[in-house]
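A.B. asks: prediction below, plus the sequence it came from.
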Amino acid sequence: MKNGYPRDIPELFIAIETRKADQWFLQCLTTEVMQWTEDIWIMSMALFDSYWKARAAETGVKPVSLWRKTFNRLLGPKAEESHSNVITMSPAYCACCAHNPWSAILLLYGMKEKGVKGLISLNSGFGQSLFREISWNVWWQAISAIENHLKEAKTKGFKQATFKKQCQRLKLAIPRLGFKRPGDMTILHHQGVKTRFGIIMANLWSWTYDNPLKEKKTIYQTGFPWKSWTFRSPPSIKRSLDYPLSTWDQIAPLLVEDFDKLSHEFKNSGQRVTRIDWKIILEDMSECQIPIRFRNPHDLQSESGSHDTALLQANYGFFAALKEKYPSNNETSSHFLIPSVLNWQLKLSTFLSVPNIMLDIFGEAKEETSDIDVLLRLENELPVRLVRFAFHSDWLPEDSFQEEELDAENHNWRDSDINRSLEAAAEGRPLYIRDAPLLLTTTKGLPNSTFLENTMNKWWKNDTPSVMERSYFKVIDPDGNAVWVFKDSSGHWYQHGIFG
């Protein structure tokens with residue numbers, strides 16, 4: 001890596017080595033887990049990326065810090081006695097996070113070789129330094145492990161005998177090329193590696209040293225042999241109806257009963273539901289698969305007897321599925337006569353296991369519900385994701401804020417005199433700004449105004465480049481409203497906002 005990885009690349013995979021006999025703790029962070037070796041596991045964090053960002057923002061840390069704290073609590077430190085007879089505490093596990101599983105595995109092997117413990121981020125300076133220094137021993141150890149997974153997954157284009165020959169060819173080429181460590185291969189490129197050493201080795205090179213993958217699922221699509229681990233058979237509930245149901249009001253009470261039965265499958269209150277698969281049989285004996293999804297892990301037991309959140313998501317999914325199955329019917333009210341439902345099955349497909357020891361970390365045991373808890377619960381109740389408006393460093397008022405998702409990181413842009421002046425100008429602007437400035441046909445009363453600021457249009461976006469300057473004023477209109485107006489360089493006046 002010549003310049004290292006950009007610091008804003010998402011870290012969506014964790015590789016961890018632990019000899020803990022009970023592997024339940026792996027489900028405390030995600031439901032997507034792969035067993036790499038007997039003691040090494042890979043965790044995909046993509047499914048809960050927004051959840052962990054929101055949780056981390058609540059405590060003012062990065063998700064990696066929260067994961068580290070979680071592992072420290074679950075796996076526990078071990079006491080070690082140093083030569084100075086001072087007892088220190090060091091982590092009892094070895095883990096790292098990276099933007100793809102292959103990089104995470106390589107970094108983990110590098111940590112093991114150096115005797116590094118704890119959770120290391122590839123995006124950190126130490127992680128990048130460690131990754132650059134991985135040895136050929138680490139590289140071939142990882143190659144040997146992935147070879148078995150490629151064979152088991154029957155990966156397209158993989159032939160074990162051919163791959164072994166290509167690996168041997170690379171081993172012979174290493175001394176001739178003068179590569180002291182795998183990091184020296186950054187001078188190569190994908191096509192060159194593919195031509196000399198085959199497509200599989202080229203993919204491994206790309207996952208290691210090429211431009212970081214931008215799409216969360218790209219790593220699976222490019223041939224990584226991911227195989228999800230099944231911890232246990234998911235609990236399910238079957239209902240055979242005594243008579244067909246034709247309205248949502250008839251279905252809802254029975255769903256509540258079945259949600260109660262599913263919640264009783266949990267051994268403790270620390271398990272949070274992320275998806276329930278609902279399969280219904282209609283009067284024409286056709287099946288309809290309805291996923292009941294929760295954007296953030298949902299405590300099913302906390303709503304026993306009512307299950308308002310689960311019912312809302314079931315309702316959204318139910319009518320969306322029927323609209324797709326019967327597109328000619330556009331009715332979506334709760335009293336709409338739907339095709340009769342004969343029976344159904346509910347399967348609790350994915351959930352997080354949050355043990356009691358972690359409740360203080362996640363804020364679940366707080367006496368008062370935090371703002372982020374309210375927002376996460378509200379997201380689970382809505383058919384769409386929540387978004388927010390955030391400041392954006394720009395001199396043009398309509399470009400000085402932008403819409404972003406709830407889990408997006410807050411960027412502190414107080415880093416220069418220019419940005420501080422932009423923020424000072426923003427403090428004098430109104431709360432309500434029009435999408436497009438409104439041309440004023442009369443300027444009566446505008447002389448009684450207070451000047452606020454001068455700014456300029458962006459010439460590359462303006463249809464009339466000659467109209468560049470804006471002079472903003474606060475004006476009290478004839479109705480007594482405080483409005484935000486500006487005069488452009490052609491002498492035209494516009495209303496751009498209203499003061500609250």
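C.D. replies: Yep, that arrived.
A.B. asks: quick one: low-confidence parts of the stretch 51-200 of the chain?
C.D. replies: 76-90 (pLDDT under 70).
A.B. asks: if we use 80, what do you get?
C.D. replies: 55, 57-60, 76-92 (pLDDT under 80).
A.B. asks: can you pull out the strands in it?
C.D. replies: 77-81, 87-91, 94-98, 118-121 (DSSP state E, counting those that start in this stretch).
A.B. asks: would you map the helices across the chain?
C.D. replies: Using DSSP state H, the helices of the chain run over 49-59, 63-75, 101-114, 125-132, 136-153, 160-177, 190-197, 199-209, 218-221, 248-263, 308-325, 359-362, 371-381, 417-426.
A.B. asks: which other helices and strands does the first one contact?
C.D. replies: What that stands for is helix 49-59. helix 63-75, strand 287-298, helix 371-381 (3 or more C-beta pairs under 8 Å, 6 or more residues apart in numbering; DSSP states H and E). To be clear about C-beta, it is placed using only N, CA and C from the backbone, and glycine gets the same treatment.
A.B. asks: okay, the angle between it and strand 287-298?
C.D. replies: Comparing the axes of helix 49-59 and strand 287-298 via axes from the mean of the first three to the mean of the last three C-alpha atoms, to 10 degrees yields an angle of 20 degrees.
A.B. asks: in helix 49-59, what's buried?
C.D. replies: For helix 49-59, the buried set under the neighbour-count rule, 16 or more other C-beta atoms under 10 Å, comprises 49-58.
A.B. asks: again with the fifth one
C.D. replies: Of the residues in helix 136-153, those scored as buried under the neighbour-count criterion (16+ other C-beta under 10 Å) are 138-139, 141-143, 146-147, 149-150.
A.B. asks: tabulate the CA atom coordinates of it in PDB.
C.D. replies: The C-alpha trace of helix 136-153 is given here as PDB (Å, rounded to 0.1, in the frame of the first residue of the first chain):
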ATOM      1  CA  TRP A 136       5.200 -13.900   3.300                       C
ATOM      2  CA  ASN A 137       4.600 -16.500   6.100                       C
ATOM      3  CA  VAL A 138       1.400 -14.700   6.900                       C
ATOM      4  CA  TRP A 139       0.400 -14.400   3.300                       C
ATOM      5  CA  TRP A 140       0.800 -18.100   2.600                       C
ATOM      6  CA  GLN A 141      -0.900 -19.100   5.800                       C
ATOM      7  CA  ALA A 142      -3.900 -17.100   4.700                       C
ATOM      8  CA  ILE A 143      -3.700 -18.600   1.100                       C
ATOM      9  CA  SER A 144      -3.700 -22.100   2.600                       C
ATOM     10  CA  ALA A 145      -6.800 -21.400   4.600                       C
ATOM     11  CA  ILE A 146      -8.800 -19.700   1.800                       C
ATOM     12  CA  GLU A 147      -7.900 -22.500  -0.600                       C
ATOM     13  CA  ASN A 148     -10.000 -24.900   1.500                       C
ATOM     14  CA  HIS A 149     -12.900 -22.500   1.500                       C
ATOM     15  CA  LEU A 150     -12.700 -21.900  -2.200                       C
ATOM     16  CA  LYS A 151     -12.800 -25.700  -2.800                       C
ATOM     17  CA  GLU A 152     -15.700 -26.200  -0.400                       C
ATOM     18  CA  ALA A 153     -17.700 -23.300  -2.000                       C
END
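A.B. asks: hang on, the earlier thing: dump the helices of the chain to JSON lines, plus distance to L26.
C.D. replies: Formatted as JSON lines, those follow (distance: least, C-beta to C-beta, whole Å):
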{"stretch": "helix 49-59", "distance to L26": "15"}
{"stretch": "helix 63-75", "distance to L26": "10"}
{"stretch": "helix 101-114", "distance to L26": "14"}
{"stretch": "helix 125-132", "distance to L26": "21"}
{"stretch": "helix 136-153", "distance to L26": "18"}
{"stretch": "helix 160-177", "distance to L26": "29"}
{"stretch": "helix 190-197", "distance to L26": "33"}
{"stretch": "helix 199-209", "distance to L26": "22"}
{"stretch": "helix 218-221", "distance to L26": "19"}
{"stretch": "helix 248-263", "distance to L26": "22"}
{"stretch": "helix 308-325", "distance to L26": "25"}
{"stretch": "helix 359-362", "distance to L26": "16"}
{"stretch": "helix 371-381", "distance to L26": "22"}
{"stretch": "helix 417-426", "distance to L26": "42"}
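A.B. asks: for R19, find the nearest of those helices.
C.D. replies: Proximity to R19 (C-beta to C-beta) singles out helix 63-75 among these, at 10.0 Å.
A.B. asks: list the buried residues in that closest one.
C.D. replies: 63-64, 66-68, 70-75.
A.B. asks: beta partners of the residue nearest to G118 when sequence neighbours are not counted?
C.D. replies: Spatial nearest neighbour of G118, excluding adjacent residues (C-beta to C-beta, 6 or more residues apart in numbering): P91 at 4.2 Å. Here P91 sits in beta bridges with P77, as judged by DSSP bridges.
A.B. asks: so P91 sits right up against G115, yeah?
C.D. replies: No - between P91 and G115 there is no contact under C-beta atoms under 8 Å: 11.9 Å.
A.B. asks: between these two, which one's more packed in?
C.D. replies: The neighbour count for P91 versus G115, taken as other C-beta atoms under 10 Å, is higher for P91 (17 against 7).
A.B. asks: the more buried one and I120, how far apart?
C.D. replies: Look at P91 and I120: by C-beta to C-beta, to the nearest Å, they are 10 Å apart.
A.B. asks: what's the answer for E17, then?
C.D. replies: 12 Å.
A.B. asks: neighbour count: the two, which is higher?
C.D. replies: The residue with more neighbours, out of E17 and I120, is I120; 23 against 19, by other C-beta under 10 Å.
A.B. asks: give me the pLDDT value at P10.
C.D. replies: pLDDT for P10: 60.
A.B. asks: and what of the one 3 residues further on?
C.D. replies: According to the model's per-residue confidence, F13 sits at a pLDDT of 92.
A.B. asks: contacting residues for it?
C.D. replies: 42-45, 97-101, 103-104 (C-beta atoms under 8 Å, 6 or more residues apart in numbering).
A.B. asks: Serialize those to CSV and add fields for neighbour count.
C.D. replies: CSV is the format used below for those (neighbours: other C-beta atoms under 10 Å):
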residue, neighbour count
I42, 23
M43, 25
S44, 24
M45, 20
C97, 28
A98, 28
H99, 22
N100, 24
P101, 24
S103, 25
A104, 25
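A.B. asks: closest to K159 among those residues?
C.D. replies: P101 (22.4 Å).
A.B. asks: for D488, see how far away the closest one is.
C.D. replies: Distance from P101 to D488, by C-beta to C-beta: 55 Å.
A.B. asks: over to P339?
C.D. replies: Distance of P339 to D488, computed by C-beta to C-beta: 59 Å.
A.B. asks: rewinding a little: between the helices and strands packed on helix 49-59, which gets nearest to T155?
C.D. replies: Per C-beta to C-beta, nearest to T155 of the helices and strands packed on helix 49-59: strand 287-298, 28.3 Å.
A.B. asks: now do the closest one and helix 248-263, the angle between them.
C.D. replies: 60 degrees.
A.B. asks: tell me what strand 287-298 is packed against?
C.D. replies: Short answer (3+ C-beta pairs under 8 Å, 6+ apart): strand 287-298 packs on helix 49-59, strand 271-282, helix 308-325, helix 371-381.
A.B. asks: now the ones you listed as JSON lines including distance to D258?
C.D. replies: Converted to JSON lines, the helices and strands packed on strand 287-298 look like this (distance: least, C-beta to C-beta, whole Å):
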{"stretch": "helix 49-59", "distance to D258": "25"}
{"stretch": "strand 271-282", "distance to D258": "9"}
{"stretch": "helix 308-325", "distance to D258": "10"}
{"stretch": "helix 371-381", "distance to D258": "18"}
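A.B. asks: in terms of mean pLDDT, which of those ranks lowest?
C.D. replies: helix 371-381 (a mean of 77).
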